[in-house]
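> got a predicted model here, sequence first, then my questions.
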Amino acid sequence: MKFLAKAALLTTAFLSLSGTTAIASERPARCAEQRFTVQVNGERQTIAGELCVRGKLTPRTPVQVLLHGGTYDRAYWDWPYQPRRYSYVDSATRAGYATLNLDRLGYGRSSRPNPDTLDFDAGGEAVHQVVRQLRPRFRTIVLNGHSMGGLVAERAAGRGGVDAVIVSGIPRDRPGARTEAASPFHPAELDPKFAGKPWARGYFTTRPGTRAQTFHHPGTYDPAIIPVEEALKDTLASAELRSVGPGAANRSAPKVPTAYVLGEHDTLVCGNGDCGADEIVRGSGHSINTSLAAPAFYRWTFTWLARKLG
């Protein structure tokens, strides 16, 4: 793949975001849609995302590549409901970071390949190729992945090219997962939102009405956010679903600074929410970004990154 040629094209797109502002944090973030061509499992695929920044974009601007979890898309990191509270993109760009908020392979506006082969290794290879295309433009690249996106971040970081990793919703030492018998997932082709989609067979999504009990904990979320979750829900590949839970293999902590973060009440992966983490977010279930504790998690990430990246 011609990475340098692709990098030149990306540089042209990034230039539209390189203006200066007097007080960057008080101005709206400037965002541009991005497309990355990757080669995964012998097939050419497209990864879609949005690059956002405040102030001047330079090679010294640290960029966070944001990776959502299963049955979410990039909206998880840039939540449209009360964005000053819930949007990580809003908070991170105010803190001086650029964000590249991706639809992972198989989600959102990205390609939907064969779900039987779209496992975390495939997803990690796709993200690694995106990182390789970013590296000529940025000196500091951070992967920030939630849940299944965190497992993808681990695989991508293992291939090199990143400076730090944050994994939320996944413990350090155990893969964690709800057992299949208690699974909230069902085939996407049976769900009213995805029935009739030509790619739906082999993908899964949450059963209608299950997101609150799956991703949240009583008292830790605004009930008004649940209809938004239902409206914005996405799917996940059968290979990803098979790859989580007891016995999941091929996990290893990245060899760069890495933080593992769990919600206090993350019963989806841990039961008591404390099964191997560097930080426990009090007052959160599994989906930290759509919990009332989201701002506390965001502040913690910026403090941790400032300490690790200098």
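Sure, I can see it. Residues are numbered from 1 along each chain as shown.
> quick check, residue 148 in contact with residue 105.
No: the pair residue 148 / residue 105 is not scored as a contact, 11.5 Å apart, by CB atoms under 8 Å. All C-beta atoms are positioned from the backbone trio N, CA, C, and that covers glycine.
> mind telling me what element residue 227 is part of?
helix 225-232 (DSSP states H and E).
> the residue nearest the centre of the chain and residue 224: what is the separation?
Residue closest to the mean C-alpha point of the chain, counted by CA atoms, centre = their mean, is residue 67 at 1.8 Å. Going from residue 67 to residue 224 by CB to CB, to the nearest Å gives 26 Å.
> so which residues of the stretch 1-150 of the chain form helices?
Secondary structure of the stretch 1-150 of the chain, counting by DSSP state H, counting those that start in this stretch: helices at 3-15, 83-86, 88-94, 120-134, 148-158.
> pick out the shakiest of those, pLDDT-wise.
Of all these, mean pLDDT reaches its minimum on helix 3-15 (a mean of 43).
> so what's the closest residue to residue 195 other than its chain neighbours up against?
Nearest residue to residue 195, sequence neighbours excluded (CB to CB, 6 or more residues apart in numbering): residue 189, at 5.9 Å. Residue 189 is in contact with 195, 197, 200-201, 203, counting by CB atoms under 8 Å, 6 or more residues apart in numbering.
> give me the buried subset of the residues you listed.
200, 203 (16 or more other CB atoms under 10 Å).
> grab the two from the contacts of residue 189 that are most spread out in space.
195 and 203 (11.6 Å; CB to CB).
> rewinding a little: does the residue nearest to the centre of the chain really touch residue 149, like I thought?
Yes: look at residue 67 against residue 149 with CB under 8 Å: they come within range, at 3.3 Å.
> any residues in contact with both of the two?
Common neighbours of residue 67 and residue 149 (CB under 8 Å, 6+ apart) are residue 104.
> which stretches of the stretch 201-310 of the chain have low pLDDT?
Low-confidence segments of the stretch 201-310 of the chain (pLDDT under 70): 245-249, 271-274.
> please enumerate the helices of it.
Going by DSSP H, counting those that start in this stretch, the stretch 201-310 of the chain shows helices at 211-215, 225-232, 238-242, 294-309.
> quick revisit: so which of the helices of the stretch 1-150 of the chain is the most surrounded?
With neighbours defined as mean count of other CB atoms under 10 Å, those peak in mean count at helix 148-158, which reaches a mean of 27.
> can you list contacts of that helix?
66-70, 104, 120-121, 123-125, 127-128, 131, 143-145, 162, 165-170, 175, 236, 240, 243-244, 250-256, 258.
> give me the buried subset of these.
Here, 16+ other CB under 10 Å leaves 66-70, 104, 120-121, 123-125, 127-128, 131, 143-145, 162, 165-170, 175, 236, 240, 243-244, 251, 254, 256, 258 buried among those.
> now, which of those lie within strands?
Using DSSP state E, 66-67, 143-145, 165-168, 236, 258 are the members of the buried ones among the contacts of helix 148-158 that sit in strands.
> and the furthest pair within these?
236 and 258 (23.4 Å).
> what's the closest non-adjacent residue to residue 211?
Per CB to CB, 6+ apart, closest to residue 211 is residue 229, 4.6 Å.
> ok, how many other residues are close to the one you found?
For residue 229, the number of neighbouring residues by other CB atoms under 10 Å comes to 23.
> what residues does it make contact with?
Neighbouring residues of residue 229 by CB under 8 Å, 6+ apart: 211-212, 215, 290.
> repeat the analysis, applying 10 Å as the threshold.
Each residue near residue 229 by CB atoms under 10 Å, 6 or more residues apart in numbering is listed here: 71-72, 75-76, 79, 81, 206, 211-212, 214-216, 221, 287, 290.
> closest to residue 33 among those residues?
Nearest to residue 33 among the contacts of residue 229, with distances taken as CB to CB, is residue 75, at 14.2 Å.
> just the pLDDT for the closest one.
Value for residue 75, per-residue pLDDT: 98.
> that one: how many residues sit nearby?
23.
> also residue 242?
Counted with other CB under 10 Å, residue 242 comes out at 12.
> one more: residue 60?
Residue 60, neighbours per other CB under 10 Å, totals 9.
> test my guess that it contacts residue 139.
Yes: if you go by CB atoms under 10 Å, residue 60 and residue 139 touch, sitting 6.1 Å apart.
> check contacts around residue 160.
128, 131-132, 135, 254-256.
> now those as a markdown table including distance to residue 305?
Below are those laid out as a markdown table (distance: CB to CB, whole Å):
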| residue | distance to residue 305 |
| --- | --- |
| 128 | 20 |
| 131 | 17 |
| 132 | 22 |
| 135 | 18 |
| 254 | 14 |
| 255 | 17 |
| 256 | 12 |
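> much appreciated, bye for now.
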